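Visitor: What follows is a protein structure lacking sequence information:
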């Protein structure tokens, strides 16, 4: 991406956005009419000659418009700020977009990404983001789609954003992939859009996506399931309706969403959907005999139920094989899903995520054990798939309890994590590639000696090795807006957290945990703790976008054998 050049024009007070663009560049613009009586207009000039213009009469929401430059050169996009507002403007070369990404030309202050110098977590280039969608490897690259509203840092009608990576860490931003329907896109009233879903590869090239279309107060179904294809991994074709209604006779609420599609052990495509009934959350199972997964979806039954913690709907389910091929009956699978509105009375934590491990034969799931995916609870809407080296997943680094209609909240994705079985537990360590983020060692002895250590911009990894499992310690961080620690004692491993003038904070704890190694990843807006290679994982969103400035270790002499701090960056 490149920075923009924007200035008033000499002609009639027009605003101008300038850039050097190549011949054949595709332009995506979102514009809005500021007054109902006059259209909003955006014109493009290349080397002073008119190259195209778009307009809209919609004063309620920014509308998408497309331009293609027949020739390249010094390009000026001009508009009258009295009649027109421009939300997002970017350019790309269609033939090279997967390698080069988009060239961001303009965003407004109200939808611009926060400045996070040195940050290494995935963030969108503009606007709001929540659930990961369609996470997978297609065409040799990792693709991440995500819930997205481009025009502010608050949730609104849902689009799918899109990025691509060779290593899950360095991401190239691609054009917005999936907009809401025309009806929903016309107004910024938060009535729905293209909700969460998944993607599978097509035979040959391309992908098939699955998503929930939500439309508030639509009768009889607010939420229905669609599928669509993309042959070039960038442009999506028209979507078709595949599940127009919930299964009848089960007493399900209108919650019916988040299709997760995967290949079952019997060689048939399976689909999970989240819903609820009067007792709690329910996960539904569908399948199709269609090799293309396009049609013929049949309801098989309820796969799993969870009714604890006062939860409502089961959200964002995914199911992946852990320790062998999908078609091996001895392979254990992890069924992971969010517990919407759940509250743990012992700790006050909300919206938890459960990982249930057992065997899946294509039609039923037999539970062997379960555990929390993340004791910090800010790794929500986790989505995983089986890559060449095994299962890998990623989550939204936030929690719905933090979301407000009044406060902008830009968020990130967690570090990508592996999934595996180890000594009767599910472990979710960060991918091995995170070590490539280490730029230089900040400290090797100061922490163990009890000194306060400066953390530069706050984007760091702290690695501790304890003499004995469960040896007590306390890491105390200096943060401008919150009191943050990592604590290990007889109660377990926890992330004590509080902000001034706030209600009592939940207790983020892995009760009874007795690890011997701990890795702490700090970045602007987040802390992620991985103990014993991800046997216990805790993720917490931190307020603001200023990093932790320093850290101090408190422990009995000899409890901590070694402590290292690494400056991280992309």
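Guide: Arrived safely. Computed from a predicted structure; not experimentally measured.
Visitor: switch to C-alpha atoms for all contacts and neighbour counts from now on
Guide: Will do.
Visitor: And the helices in this protein, which stretches?
Guide: Using DSSP state H, the helices of the chain run over 97-100, 182-185.
Visitor: The ones you listed: which one's closest to residue 205?
Guide: helix 97-100 (14.1 Å; Cα to Cα).
Visitor: contacts for the closest one?
Guide: Helix 97-100 is touched from outside by 92, 93, 164, 172, 174, 234, with contacts defined as Cα atoms under 8 Å, 6 or more residues apart in numbering.
Visitor: neighbours around the fifth one, how many?
Guide: To tie it back to what came earlier, the one meant is residue 174. Using other Cα atoms under 10 Å, the number of residues around residue 174 comes to 25.
Visitor: quick one: pLDDT of it?
Guide: Per-residue pLDDT puts residue 174 at 98.
Visitor: can I assume it is in contact with residue 165?
Guide: No: here residue 174 lies out of contact with residue 165, judged by Cα atoms under 8 Å, at a distance of 10.6 Å.
Visitor: residues of stretch 39-56 that come out buried?
Guide: For stretch 39-56, a neighbour-count test (16 or more other Cα atoms under 10 Å) marks 39-46, 51-56 as buried.
Visitor: hmm, which two among those residues are most spread apart?
Guide: Farthest pair in the buried residues of stretch 39-56, by Cα to Cα: 39 and 46, 22.9 Å.
Visitor: In CSV, list the helices of the chain along with mean pLDDT, distance to residue 208 and mean neighbour count.
Guide: Listed next are the helices of the chain as CSV, based on pLDDT from 0 to 100; distance: least, Cα to Cα, whole Å; neighbours: other Cα atoms under 10 Å:
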stretch, mean pLDDT, distance to residue 208, mean neighbour count
helix 97-100, 97, 18, 16
helix 182-185, 92, 21, 16
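Visitor: Relative to residue 268, which of the ones you listed is closest?
Guide: Of all the helices of the chain, helix 97-100 sits nearest to residue 268, with 30.4 Å by Cα to Cα.
Visitor: Name the residues linked to the nearest residue to residue 459 once chain neighbours are set aside by a beta bridge.
Guide: Leaving out its chain neighbours, the residue that sits closest to residue 459 by Cα to Cα, 6 or more residues apart in numbering is residue 523, at 4.3 Å. Under DSSP bridges, the beta-bridge partners of residue 523 are residue 526.
Visitor: per-residue pLDDT, residue 523?
Guide: Predicted confidence (pLDDT) for residue 523: 96.
Visitor: For it, give me its contacts.
Guide: 119, 120, 121, 458, 459, 460, 547, 548.
Visitor: make it 6 Å
Guide: 458, 459, 547 (Cα atoms under 6 Å, 6 or more residues apart in numbering).
Visitor: try residue 436
Guide: Counting by Cα under 6 Å, 6+ apart, residue 436 has no contacts.
Visitor: and the gap between the residue nearest to residue 425 when sequence neighbours are not counted and residue 398?
Guide: Once flanking residues are discounted, residue 425 sits nearest to residue 535: 7.0 Å by Cα to Cα, 6+ apart. For residue 535, the distance to residue 398 equals 21 Å [Cα to Cα, to the nearest Å].
Visitor: that older thread, let's have the contacts of helix 97-100 in TSV, adding distance to residue 474.
Guide: Shown next, in TSV, are those (distance: Cα to Cα, whole Å):
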residue	distance to residue 474
92	49
93	51
164	38
172	38
174	42
234	47
